[in-house]
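# With the input below, show me the fold.
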Amino acid sequence: MSTKITKGTWVLIADGEKALILENTTDANDPNLVVRRKDEQDNPSDGEQSANRPGRMQEGRPGNSASGPRSSFDDTDWHQLAKDRFADDIAELLYKQAHKGAFERIILVAAPGVLGEIREKMHKEVSNKVVAEVPKTLTNHTIGDIEKILVSELA
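Numbers count the residues shown, from 1 in each chain. Next up, the predicted model:
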């Protein structure tokens, strides 16, 4: 890929629940990423968010609803819905920052599904500034580890 993390380049580290925006304050050879912003969403498992069991419907002949098998409606996956909304929020945040001229270059680092979700929601003003994408989950890594992994991935 051979993309350098030049001075001033932003790095978005995200998964479906956490986002970290870092900025390189040194040169591309030895990046020093500092935290500009940290967002975290409280997103319990779907089971914890679901209020009750899925609704059930009696299948029957017209005019006779008491006969026939019962089937359940699909329940909403609240956990996934929250993850999708979080991707929307990240895309909106990046748009506002890009519009203000806060960054010229950004590298997106996220799990493949999250990366696709963010990319889909991203405004053209932001996508024009994306210089690299790394499909990895690094949200639970230290800043030092993130620096090393990115230098290796982008070499």
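
# so where do the strands sit in the chain?
10-14, 18-24, 33-40, 56-58, 70-72, 106-110, 130-134 (DSSP state E).

# Mind putting those strands into a markdown table with distance to G144?
Where C-beta positions appear, they are placed from N, C-alpha and C, glycine not excepted. Below are the strands of the chain laid out as a markdown table (distance: least, Cβ to Cβ, whole Å):
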| stretch | distance to G144 |
| --- | --- |
| strand 10-14 | 13 |
| strand 18-24 | 12 |
| strand 33-40 | 9 |
| strand 56-58 | 53 |
| strand 70-72 | 49 |
| strand 106-110 | 15 |
| strand 130-134 | 17 |
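
# Lowest mean pLDDT across those, which one is that?
Among these, strand 56-58 has the lowest mean pLDDT, at a mean of 51.

# can I get the strands of the chain in a markdown table with mean neighbour count?
Shown next, in a markdown table, are the strands of the chain (neighbours: other Cβ atoms under 10 Å):
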| stretch | mean neighbour count |
| --- | --- |
| strand 10-14 | 25 |
| strand 18-24 | 22 |
| strand 33-40 | 13 |
| strand 56-58 | 11 |
| strand 70-72 | 10 |
| strand 106-110 | 24 |
| strand 130-134 | 18 |
